[in-house]
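kindly generate the corresponding structure for this input.
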Amino acid sequence: MKVLVLSDLEDAGLDFGRLADPALRLIVSCGDVYNDTYERVRRASRLPIFAVHGNHDDPVWPPIGITDLHLKTATFEGLTFGGFEGCWRYKSRGRFQYDDAEVASLLAIEEMPHVDVFVAHNPLAGLHDLPDDVHNGFPAFRAYVERHQPRYFLHGHSARPGEARLGATRVICVYRWLTLEL
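Predicted coordinates for the structure are as follows:
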């Protein structure tokens, strides 16, 4: 299944020509995408959109027609998607910010079901970390991946696109957009 993955589009628009691909089946967002961009993508593509909040997202969310994956699962064409919003708490005020103990508690690693595709804004610990406290991965995400081995762990936030493996899981950092065959 061909999907378009979005993340961290707050400063750059999407190349809407990508939405004309007839093989495209689903839009997945790792957050930090403006609501008006979601609306334009939804209207232009007429495809389902699965998403999680980024730390810069509008609090009035999700926009109409968006499936929020935060601590939920959804199935599409035989694949199960689930996710977690936000990033590390790095300032006293702000939305969608957590510490690792909160992530572990909310995710309840033993209770969050196995998914094929885990969608997050923040990375998991040890892969795609940046040398600051704000863009490091959550150890709780790593524990989830090590326990459940989803096929994919998609995230944004790091602004350094790339791919790595953790066991059987492809860990993919998306910056702006990426077309991916799942």
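
what ranges do the helices span in this structure?
35-45, 100-107, 139-148 (DSSP state H).

mean confidence for the shortest one?
Yep, that's helix 100-107 we're talking about. In this model, helix 100-107 has a mean pLDDT of 93.

now the residue nearest to residue 91 when sequence neighbours are not counted, which residues is it bridged with?
In space, and not counting its chain neighbours, residue 91 is closest to residue 97: 7.4 Å by CB to CB, 6 or more residues apart in numbering. Just so you know, the C-beta spots here come from the backbone N, C-alpha and C atoms, and that holds for glycine as well. Beta bridges link residue 97 to residue 87 when assigned by DSSP bridges.

just give the number of residues close to residue 97.
Residue 97 has 18 neighbours, counted by other CB atoms under 10 Å.

show me where this protein has its strands.
2-7, 24-29, 49-51, 66-68, 73-76, 79-84, 87-88, 97-98, 117-120, 152-155, 162-166, 169-173, 176-181 (DSSP state E).

partners of the fourth one, with directions?
Using DSSP bridges, the strands paired with strand 66-68 are strand 49-51 (parallel).

buried stuff in stretch 68-83?
68-70, 73-74, 76, 79-83 (16 or more other CB atoms under 10 Å).

just the residues contacting that stretch, thanks.
1, 25-26, 28, 48, 50-53, 61-62, 67, 84-85, 106-107, 112-120, 151, 182 (CB atoms under 8 Å, 6 or more residues apart in numbering).

re the thing from before, didn't the residue nearest to residue 91 look like it was pressed against residue 90?
Yes: Residue 97 lies in contact with residue 90 (CB atoms under 8 Å); the separation is 6.7 Å.

can I get the buried residues of stretch 68-83 in CSV with pLDDT and distance to residue 35?
Below are the buried residues of stretch 68-83 laid out as CSV (pLDDT from 0 to 100; distance: CB to CB, whole Å):
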residue, pLDDT, distance to residue 35
68, 94, 13
69, 96, 17
70, 95, 16
73, 96, 23
74, 97, 20
76, 98, 22
79, 98, 26
80, 98, 26
81, 98, 21
82, 97, 22
83, 96, 18
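
quick check, central residue of this protein?
residue 30 (2.7 Å; CA atoms, centre = their mean).

need the contact list for that residue.
Going by CB under 8 Å, 6+ apart, residue 30 touches 5-8, 51-52, 54, 119-121, 154-157, 174.

same thing but at 6 Å, please
The contact partners of residue 30, by CB atoms under 6 Å, 6 or more residues apart in numbering, come to 7, 119, 121, 154-156, 174.

just put these in JSON lines and tack on pLDDT and distance to residue 164.
Below are the contacts of residue 30 laid out as JSON lines (pLDDT from 0 to 100; distance: CB to CB, whole Å):
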{"residue": "7", "pLDDT": "94", "distance to residue 164": "16"}
{"residue": "119", "pLDDT": "98", "distance to residue 164": "17"}
{"residue": "121", "pLDDT": "95", "distance to residue 164": "17"}
{"residue": "154", "pLDDT": "98", "distance to residue 164": "12"}
{"residue": "155", "pLDDT": "96", "distance to residue 164": "11"}
{"residue": "156", "pLDDT": "94", "distance to residue 164": "15"}
{"residue": "174", "pLDDT": "96", "distance to residue 164": "13"}
